[in-house]
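[1] what's the 3D shape of this:
(one chain, ligands or ions: 2)
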Amino acid sequence: MRNPILCFIERSDLFCFFYLEKKKFLYGTAGFRGEASMLESTVFKAGIMAALRSLKTGLVVGLMITASHNPVSDNGVKIADPSGGMMTQDWEPFADSLALAPDPEHLVELIVQFAKKENIPFGGTQSAEILLGRDTRPSGEVLLEAAKKGIDAIIGSVAINMGILTTPQLHWMVRRRNMEMKASEFDYFALLSTSYRSLVDLIPAKTLTGTPDVKLTVDAANGVGGEKIKELSKLLTGLEIEVRNSGKVGEGTLNEKVGADYVQKEKFAPLGFGPRDVGTRCVSLDGDADRLVYFRVLPTDGRSVDLVDGDKILSLFALFIKEQLTILNKENGNESSEFPVKLGIVQTAYANGASTEYLKQLGLDVVFTPTGVKYLHEKALEYDIGIYFEANGHGTILFSEAFMPRLESKSAELSSVTPGSEQQKAVLRLLAVSTLINQAVGDALSGLLLVEAILQYLGWSIERWSELYRDLPSRQLKVSVADRNAIVTTNAETTVLKPSGLQELINYETAKYPKGRSFIRPSGTEDVIRVYAEASTQEGADSLAQAVAQHVDCFLGMIPPVKQ
Ligand SMILES: CC(=O)N[C@H]1[C@@H](OP(=O)(O)O)O[C@H](CO)[C@@H](O)[C@@H]1O
Ligand SMILES: [Mg+2]
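    Ligands and ions are numbered 1, 2, ... in the order given. The predicted structure follows:
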């Protein structure tokens, strides 16, 4: 049996990847991400990590090459765990140490030590399988090759190139492969379209009055979502989808004044949208189609938008799920707790205060985690049904492993005892949601189909949906500092622990504004401190954010950069 590490050392062709490295990256909330031309060596190391993760777990792992909403010149790499979720946080320090290794010998040493510590079976006794995907970035092909080289360096590893995919498609495939279920791209489209159809077929006849508004215009950020949604829409009936910024040559640049991140942050219509869209329902995806926000172009200037963000998508989902649980628990018109379900809502501090208030008024259990979907996802798993969303549009609904068999046996019971009853329909709706909405990560394609089905179920326009509650005016600023890690926070990032004295100043400023709320945190993806402020007026939110940003600048300007 050959020693895989020896094999790794002997392969001098692999060393060239090491020497190409010009910049060190850290495995942040979004994996390794940065300028594409500097990433080859880091992606190569991510390939090694993915192979080790698959060897360790004995299961299929994913590796996705994408930089989501970043400019087209950037790229990145993320690893999908066997569950389909983000790579376990326990392995992040190892990822960082590989990225920071000063030379190939250290790299090998780190791998040997880690493999020993983690009991990773080397030498071909266990095989590893890694599914590779990439978005449409031009740098993707070269980086995918670098990832393959990293995987090849570990004996017994097989890389399977799944081609150009959205991030959530790759995560979905990994999850399904490990559940021994059909996992091709066609299976993905087929499952989404049939689940959507089941939900629409279950709409009560009384809501189906008038002509349904079937037109949806999609801004695909000139990214991978454009072609994918076109393919998906071929399998859909009763929904008229027009795709703009689809990524076709000549249509525009990836993420440049288009996409969910632009629309959410700027509150402007993306390129290609304008006065002709006033009155229509529009949705923006981000560059790798794991986020979505809805919007409608306002008649005032044909450019500003009424934004229906992740918080409102979350609220719509929560309202619908809660209603199904209420129907399910009503017997002969009486409330009964025969089928108790633990429903939880997970948000971050960026959630608009008005959304949290609305959700609490619905009687829902709302909890907060730090920014980054890995935290929200982990928390949502604690419930039978956990709904999580970041305000920026990344989120999903998780049905726990323990809950699914309960729901299925309830469905079987009702179909034999009270077929056609309202309770049975409510269970069927929940089952359809569980197969429609991506159980691995947030997914713009499945998310938009669920929104569309719920709007039809409620008989709501986008205006009606947007009126669920009125967002409190808010402002986000970023402050460049010498060392963003000088800020240490707690309480889901809402309280500053270090440097001392800064939180007191934030409290002092916040108290000046009715409905004032402000927090700061170091970004996980950029070298900045983010400042968030909310108040009852836009002027108030703007000046609160300004005041807090000035305190940050003043404090951190005095802190000398810390040596790495
Ligand atoms: C305020 C904000 O939008 N932050 C984003 C951004 O993280 P930062 O840590 O704030 O840079 O990128 C993350 C990854 O895409 C996303 O999860 C998060 O919501
Ligand atoms: Mg994304």
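[2] Just the buried residues of the host helix or strand of residue 540, please?
    According to DSSP states H and E, residue 540 maps onto helix 538-557. Across helix 538-557, burial judged by 16 or more other CB atoms under 10 Å covers 540-545, 547-549, 551-552, 555-556. Quick note: C-beta positions are derived from backbone N, CA and C, even for glycine.
[3] before we move on, what about stretch 253-270?
    Neighbour-count burial for stretch 253-270 flags 254-255, 257-264, 268-270 (criterion: 16+ other CB under 10 Å).
[4] Endpoints of it, how far apart?
    Terminal residues of stretch 253-270 are spaced 12 Å apart (CA to CA, to the nearest Å).
[5] Within range of ligand 1, give me the residues from the chain.
    Residues of the chain lying close to ligand 1 (CB under 6 Å from any ligand atom) are 29-30, 68, 350, 371-373, 390, 392, 394, 523-526, 530.
[6] of these, buried ones?
    29-30, 68, 350, 371-373, 390, 392, 394, 525, 530.
[7] Residue 523 is in contact with residue 485, correct?
    No. With contacts counted by CB atoms under 8 Å, residue 485 stays clear of residue 523, the gap being 10.8 Å.
[8] quick one: low-confidence ranges for the chain?
    1-23, 123-124, 208-211, 331-337, 557-564 (pLDDT under 70).
[9] In it, what residue comes closest to ligand 2?
    Among the residues of the chain, residue 68 lies closest to ligand 2, at 3.2 Å counting by CB to the ion.
[10] Phi first, then psi, for the closest residue to that residue other than its chain neighbours.
    Leaving aside its chain neighbours, residue 68 sits nearest to residue 288 (4.8 Å; criterion: CB to CB, 6 or more residues apart in numbering). Reported as degrees, to the nearest 10, the phi and psi values for residue 288 are phi -120, psi 10.
[11] Begin at 610 from now on, thanks
    New numbering, starting at 610: the last item is residue 897.
[12] residue contacts, residue 897?
    Listed by CB atoms under 8 Å, 6 or more residues apart in numbering, the contact set of residue 897 reads 673, 675-678, 744, 775-776, 832-834.
[13] Using TSV, please lay out the residues you listed together with secondary structure.
    Below are these laid out as TSV (DSSP: H, G, I helix; E, B strand; the rest coil):
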residue	secondary structure
673	strand
675	coil
676	coil
677	coil
678	coil
744	coil
775	coil
776	helix
832	coil
833	coil
834	helix
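[14] could you flag which of those are buried?
    Of the contacts of residue 897, these count as buried by 16+ other CB under 10 Å: 673, 675-678, 744, 775-776, 832-834.
[15] Close to ligand 2: what parts of the stretch 710-859 of the chain are there?
    Counting by CB under 5 Å from the ion, no residue of the stretch 710-859 of the chain lies close to ligand 2.
[16] All the helices of the stretch 710-859 of the chain, residue numbers only.
    713-727, 749-761, 776-787, 794-810, 834-842 (DSSP state H, counting those that start in this stretch).
[17] With respect to residue 685, which of those helices lies nearest?
    helix 749-761 (8.8 Å; CB to CB).
[18] buried set for that closest one?
    By neighbour count on 16+ other CB under 10 Å, the buried set for helix 749-761 is 749, 752-761.
[19] Which of the helices or strands spans residue 963?
    Using DSSP H and E, residue 963 sits within helix 962-970.
[20] ok, residue 1045 touching residue 808?
    Yes. Counting by CB under 8 Å, residue 1045 does reach residue 808; the two are 6.8 Å apart.
[21] for residue 1151, what are its contacts?
    Counting by CB under 8 Å, 6+ apart, residue 1151 makes contact with 1084, 1142.
[22] go again using 6 Å as the cut-off
    Residues near residue 1151 by CB atoms under 6 Å, 6 or more residues apart in numbering: residue 1084.
[23] Residue 1144 versus that one, what's the distance?
    8 Å (CB to CB, to the nearest Å).
[24] Mutual contacts of those two, please.
    With CB under 6 Å, 6+ apart as the test, residue 1151 and residue 1144 reach no residue in common.
[25] Not counting its neighbours along the chain, what's nearest residue 950?
    Excluding the flanking residues, the one nearest residue 950 by CB to CB, 6+ apart is residue 993, at 4.8 Å.
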